[in-house]
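Visitor: Here is a sequence with its predicted model. Questions after.
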Amino acid sequence: MAAPHPGLIDALRETAERLRKGSDYKWANFGLCNCGHLAQTVTHKSPKAIHEAALARAGDWGEQAREYCGSTGLEMDHILGALMALGLNHEDIHDIERLSNPAVLRRMGPAPTGVSHYDRSHAIRYFETWADILEEALPEHLRMAAK
């Protein structure tokens, strides 16, 4: 799991809030899925720009993160680089897309129907729970500065 970083915590909370307010959500679209929404928050790129960048290379978000190379010049690598600058790694990106980080899922508690990676409400809860975990792990001086 990513190390606690105030910028990542803020991005997770902002993404959850945007989703809560009804932002378009389509799990099968690179710009409107879980990672796509976080990428929108971090890069300020449109869903269309993120989707088109992702189509320039094969693979889902997790596969593309594993193939990340900051020197390709591909727009997708700039997007992934912005996410990784907040402390995310390729495993975190895969976990965001699939809502599958075990620590976050444990903290969320059992859901009657499980956690669906393509369910907006589950994505919101996942982002908020992960932000809570990271915030609690922040050193005290950073936690106080963030408030």
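Guide: Looks like it arrived, so ask away. The structure presented is a predicted model; accordingly, all values stated were derived computationally and were not measured.

Visitor: so Leu55 sits right up against Phe30, yeah?
Guide: Yes - counting by C-beta atoms under 8 Å, Leu55 touches Phe30, with 7.0 Å between them. Using the backbone N, CA and C atoms, a C-beta is placed for each residue, glycine as well.

Visitor: Does Ala49 touch Leu32 like I think?
Guide: No - the pair Ala49 / Leu32 is not scored as a contact, 11.9 Å apart, by C-beta under 8 Å.

Visitor: Pick out whichever of Leu55 and Phe30 has more residues nearby.
Guide: Phe30 (23 against 10; other C-beta atoms under 10 Å).

Visitor: Does that one belong to a helix, a strand or coil?
Guide: coil (DSSP: H, G, I helix; E, B strand; the rest coil).

Visitor: max-length helix in this structure?
Guide: helix 120-137 (DSSP state H).

Visitor: Pull it out as PDB, backbone CA atoms only.
Guide: Output of helix 120-137 as PDB, limited to C-alpha atoms (Å, rounded to 0.1, in the frame of the first residue of the first chain):
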ATOM      1  CA  ARG A 120     -19.900   3.600  -8.000                       C
ATOM      2  CA  SER A 121     -21.000   3.500  -4.300                       C
ATOM      3  CA  HIS A 122     -18.400   0.900  -3.500                       C
ATOM      4  CA  ALA A 123     -15.700   3.000  -5.300                       C
ATOM      5  CA  ILE A 124     -16.700   6.000  -3.200                       C
ATOM      6  CA  ARG A 125     -16.500   4.000   0.000                       C
ATOM      7  CA  TYR A 126     -13.200   2.400  -1.000                       C
ATOM      8  CA  PHE A 127     -11.600   5.800  -1.700                       C
ATOM      9  CA  GLU A 128     -12.800   7.300   1.600                       C
ATOM     10  CA  THR A 129     -11.700   4.300   3.600                       C
ATOM     11  CA  TRP A 130      -8.300   4.300   2.000                       C
ATOM     12  CA  ALA A 131      -7.900   8.000   2.700                       C
ATOM     13  CA  ASP A 132      -8.900   7.400   6.300                       C
ATOM     14  CA  ILE A 133      -6.200   4.700   6.600                       C
ATOM     15  CA  LEU A 134      -3.500   6.800   5.000                       C
ATOM     16  CA  GLU A 135      -4.500   9.900   7.100                       C
ATOM     17  CA  GLU A 136      -4.200   7.900  10.400                       C
ATOM     18  CA  ALA A 137      -0.800   6.700   9.300                       C
END
